[in-house]
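1. how does the following fold in three dimensions:
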Amino acid sequence: MQKTSKVIIPAFNEQNSVGKVIRDIPKEWVSEIVVVNNNSNDNTVRVAKEAGATVLEEPEQGYGNACLKGIAYISQQIEKPHIVVFMDADYSDYPEELPQLVQPIMDERVDMVIGSRALGQRERGSMTPQQVFGNWLATRLLRWLYGAYFTDLGPFRAIRYDSLMALEMKDRTYGWTVEMQVKAAQQKLRWIEVPVRYRQRIGVSKVSGTVKGTIMAGYKIIGTILKYL
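-> Predicted coordinates for the structure are as follows:
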């Protein structure tokens with residue numbers, strides 16, 4: 001198996017889960033696992049390093065900030081990956097499903113693959129009602145406004161490195177995933193969704209686990225969708 005992919009994992013206080021995520025990634029498919037420590041105050045860094053990941057520091061909190069840090073690191077390397085994979089550090093995704101996301105890109109059929117929790121098996125309680133509704137609303141807006149038929153804004157996704165760089169990602173917080181999908185639609189990238197499993201995360205979500213976080217995320221996501229009209 002040719003190791004053509006690099007994985008970027010944003011992490012904020014995920015000491016109990018990030019090691020499990022790294023452990024379950026099929027190593028024969030990836031050349032490097034990059035964990036971006038997003039101002040954690042626990043043992044996330046130590047656990048990630050012990051599990052074999054490259055650890056970067058991004059002190060300015062924000063999901064997009066962490067992803068941008070990882071992209072900047074990869075872009076400075078002499079040998080660029082063919083594919084970049086994003087996944088969360090909370091062990092809600094199933095990292096062993098990574099081959100399902102990268103294979104369509106390796107086959108040169110598409111430029112981007114979204115792991116869809118809506119199409120896959122979702123463990124009871126793994127998504128709050130507000131998350132489910134928010135995904136439904138956001139994907140409907142993407143369909144109505146951009147003609148992009150997505151079912152999810154899932155964090156587990158893969159994209160060709162060249163396509164990722166062409167998107168010129170900017171968002172630094174909650175709008176990161178939907179920005180990628182909006183810009184992919186605008187640039188007419190070839191994309192598909194594949195069903196992925198989803199389970200209850202380890203620990204409490206920093207976004208959906210609080211009322212404030214949920215409201216802020218919803219506001220940001222909808223704002224990002226409208227921003228690029």
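2. and V18, how far from K49?
-> 10 Å (CB to CB, to the nearest Å). Any C-beta I mention is one placed from the backbone N, CA and C, and that applies to glycine too.
3. ok, A89 next?
-> Per CB to CB, A89 is found 14 Å from K49.
4. so for the two, which sits in the more crowded spot?
-> When neighbours are counted by other CB atoms under 10 Å, A89 comes out ahead of the other of A89 and K49, with 33 against 15.
5. what's the helix or strand hosting A138 in contact with?
-> Assigned by DSSP states H and E, A138 falls within helix 129-146. Counting by CB atoms under 8 Å, 6 or more residues apart in numbering, helix 129-146 makes contact with 117-118, 127, 148-153, 178, 181-182, 185-186, 208, 214, 217-218, 221-222, 225-226, 229, all of which sit outside it.
6. which among those residues count as buried?
-> Neighbour counting over the contacts of helix 129-146 (16 or more other CB atoms under 10 Å) leaves 117-118, 127, 148, 150-153, 178, 181-182, 185, 208, 214, 217-218, 221-222, 225 as the buried ones.
7. buried residues, stretch 150-170. List them.
-> Here stretch 150-170 shows 150-161, 163-164, 167, 169 as buried, counting by 16+ other CB under 10 Å.
8. so V45 sits in a helix?
-> Yes. With DSSP: H, G, I helix; E, B strand; the rest coil as the criterion, V45 is part of a helix.
9. quick one, what contacts it?
-> The neighbourhood of V45, defined by CB under 8 Å, 6+ apart, consists of 37, 55.
10. contacts only, for the nearest residue to R190 once chain neighbours are set aside.
-> The shortest distance from R190 to any non-neighbouring residue, by CB to CB, 6 or more residues apart in numbering, is to V110 (4.4 Å). With contacts taken as CB under 8 Å, 6+ apart, V110 has the following neighbours: 104, 189-192.
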